[in-house]
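J.: Requesting a structural model of the entry that follows:
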Amino acid sequence: PEIPEVPQSVADFIVGHKFNHYKMVEDFEKMSNDSEIKRWIFDNISTNAHGTDRGLKTLFELINHGYTVAKEKRFYLKNKLTELYLRFDSDDLFYFESADKESSLYKTTFTQQEIDSMDTGGYEQIEVEE
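T.: Alright, predicted model coming up:
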């Protein structure tokens, strides 16, 4: 069978619970039905089970049979006024730079999920070309 591709959030949930399946079941059952993880599972995987049982069955199938992680789009954040690019260092201090280049010293690109969690109203999102 084809190995399913999952979003990063689903992969993170699985990896975060791979040594404690009891906790995974508990956390999955507590999750709201509109959480990103449950939405993806219920929208993309069809099994004969229903509801929470169906979701848990899917998670265990992913653990047992494998999955790949979808490559998320990444973006540079360019300040609309200064035209400088946002950077974060390992201590989550922010800096600005004039170029949209990769750096080993700073976090220079951001996923949409990261951007959504920040106040980026004054920034233009520029998609990173692979």
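
J.: wouldn't residue 106 be in contact with residue 91 here?
T.: No. Residue 106 is not in contact with residue 91 according to CB atoms under 8 Å; the separation is 10.8 Å. Yep, even glycine has a C-beta here, placed from its N, CA and C like the rest.

J.: Please say which of those two ends up with more neighbours.
T.: residue 106 (18 against 5; other CB atoms under 10 Å).

J.: Which residue, other than its chain neighbours, is closest to the more buried one?
T.: Nearest non-adjacent residue to residue 106, counting by CB to CB, 6 or more residues apart in numbering: residue 87, 3.8 Å away.

J.: And residue 83, by the same measure?
T.: Spatial nearest neighbour of residue 83, chain neighbours left out: residue 98 (7.7 Å); criterion: CB to CB, 6+ apart.

J.: Over to residue 107?
T.: Distance criterion CB to CB, 6+ apart; nearest residue to residue 107, sequence neighbours excluded, is residue 88 at 4.2 Å.

J.: If I look at that neighbour, what pLDDT would I see?
T.: At residue 88, the pLDDT value in this model is 81.

J.: and the lengthiest helix in the chain, what other elements does it pack with?
T.: Looking across the chain with DSSP state H, the single longest helix is helix 51-65. Under the contact criterion of 3 or more CB pairs under 8 Å, 6 or more residues apart in numbering; DSSP states H and E, helix 51-65 touches helix 8-16, helix 21-30, helix 36-44.

J.: No further questions, thank you.
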